[in-house]
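**Student:** I'd like to go over a predicted model; first the sequence, then the structure.
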Amino acid sequence: MGNEIHVSINSDQDIVAARQKGRTLAAALGFSSGDATLIAAAISELARNIVTYAKSGEIQLNELNGSMRQGIQVIARDEGPGISDIPQALRDGFSTSGSLGLGLPGVKRLMDEFEIVSAETLGTTVTVKKWKH
Amino acid sequence: MEVPLLKQGDFLIATIQAALTDADLLHLRTALVQQVVKFRSRGVIVDVTSLDVMDSFASRTLREVAQMIRLRGAETVIVGIQPDVAFAMVQLGLKLEDVTTALDLEEGLAHLSRRSTNGV
């Protein structure tokens, strides 16, 4: 995998940087501007979760080269408090920080593949993929 | 990145020109509310044509702007949400409930003018 980009996430400014890098990579990989917007929005929410819940972490972006198709992978990784109830966090409308939800169901809808690994006190890793259509 | 505010008669126009951080958005919220008080504005337009992503924080902050300004007796119109941005917002489940939106600056101004004339 050629392009692998790491963006460390520590503040709200890093959220903007991560989504801009994601959009740039998506465009470079030939995604339409509409898809690049969806990818950027998903990265924004994932990076936001890191800042809100874990304070710091990183977003990794890389291209996917399958035999039949090309895509982009976004990994959001933190060593924060973790999510105790993942099924609940994946339900629409769930939120532990006031009116802001985790946004995970939305991220799942924006992308083609979604995987979450989380353990209390160890952190959370969300891996999402979008394929070029 | 500060958002320039333009006073035009009874209205205030905020044109977002680049990607905004959360801090920028909160700054915009404060500045808009202060300026609405200062100029006794009756309407506010936030032009988001250049915004390429509207995430949960941005949409929540804009909703708060509209609510605060409504408490001052003025109306806020969000204009220029791009089609791709709108699509992503719907997928994310983000709503701008109770906030007036319009296609572009022109439509937004027309809406506010009608509202002033009708005295609604």
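**Tutor:** Looks like it arrived, so ask away.
**Student:** Beyond the helix or strand hosting residue B:13, next helix or strand please.
**Tutor:** Secondary structure assignment for residue B:13, by DSSP states H and E: strand B:11-15. Proceeding N to C from strand B:11-15, the next assigned helix or strand is helix B:22-39, under DSSP H and E.
**Student:** Quickly run through the sheet partners of the strand holding residue B:13, with directions.
**Tutor:** Strand B:11-15 pairs in its sheet with strand B:5-8 (antiparallel), strand B:43-47 (parallel), by DSSP bridges.
**Student:** Export these as JSON lines, with columns for mean neighbour count and mean pLDDT.
**Tutor:** Bear in mind the C-beta positions are built from the backbone N, C-alpha and C, glycine included. Converted to JSON lines, the strands paired with strand B:11-15 look like this (neighbours: other CB atoms under 10 Å in any protein chain shown; pLDDT from 0 to 100):
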{"stretch": "strand B:5-8", "mean neighbour count": "14", "mean pLDDT": "94"}
{"stretch": "strand B:43-47", "mean neighbour count": "25", "mean pLDDT": "98"}
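**Student:** Could you dump those strands into JSON lines and include distance to residue B:15?
**Tutor:** Putting those into JSON lines (distance: least, CB to CB, whole Å) gives the following:
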{"stretch": "strand B:5-8", "distance to residue B:15": "7"}
{"stretch": "strand B:43-47", "distance to residue B:15": "4"}
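**Student:** nearest to residue A:7, of the ones you listed?
**Tutor:** strand B:43-47 (28.0 Å; CB to CB).
**Student:** what's downstream of the closest one, the next helix or strand?
**Tutor:** Sequence order places helix B:56-71 as the next helix or strand after strand B:43-47, per DSSP H and E.
**Student:** Is chain A within reach of that following helix?
**Tutor:** Yes: using CB under 8 Å from any CB of the partner chain, helix B:56-71 reaches chain A at B:56, B:57, B:60.
**Student:** Now do the phi/psi pair for residue A:116.
**Tutor:** Here is the backbone geometry of residue A:116 (degrees, to the nearest 10): phi -130, psi 130.
**Student:** That one contacts residue A:82, doesn't it?
**Tutor:** No: checked against CB atoms under 8 Å, the pair residue A:116 and residue A:82 is beyond contact range at 10.5 Å.
**Student:** Now do the shared contacts for the two.
**Tutor:** Counting by CB atoms under 8 Å, 6 or more residues apart in numbering or on different chains, the shared contacts of residue A:116 and residue A:82 are residue A:124.
**Student:** looking at chain A, which helix or strand does the model trust least?
**Tutor:** Here the helix or strand of chain A ranked lowest by mean pLDDT, DSSP states H and E is helix A:86-89, holding a mean of 86.
**Student:** now for it, which elements pack on it?
**Tutor:** If you count contacts as 3 or more CB pairs under 8 Å, 6 or more residues apart in numbering or on different chains; DSSP states H and E, helix A:86-89 packs onto strand A:113-119.
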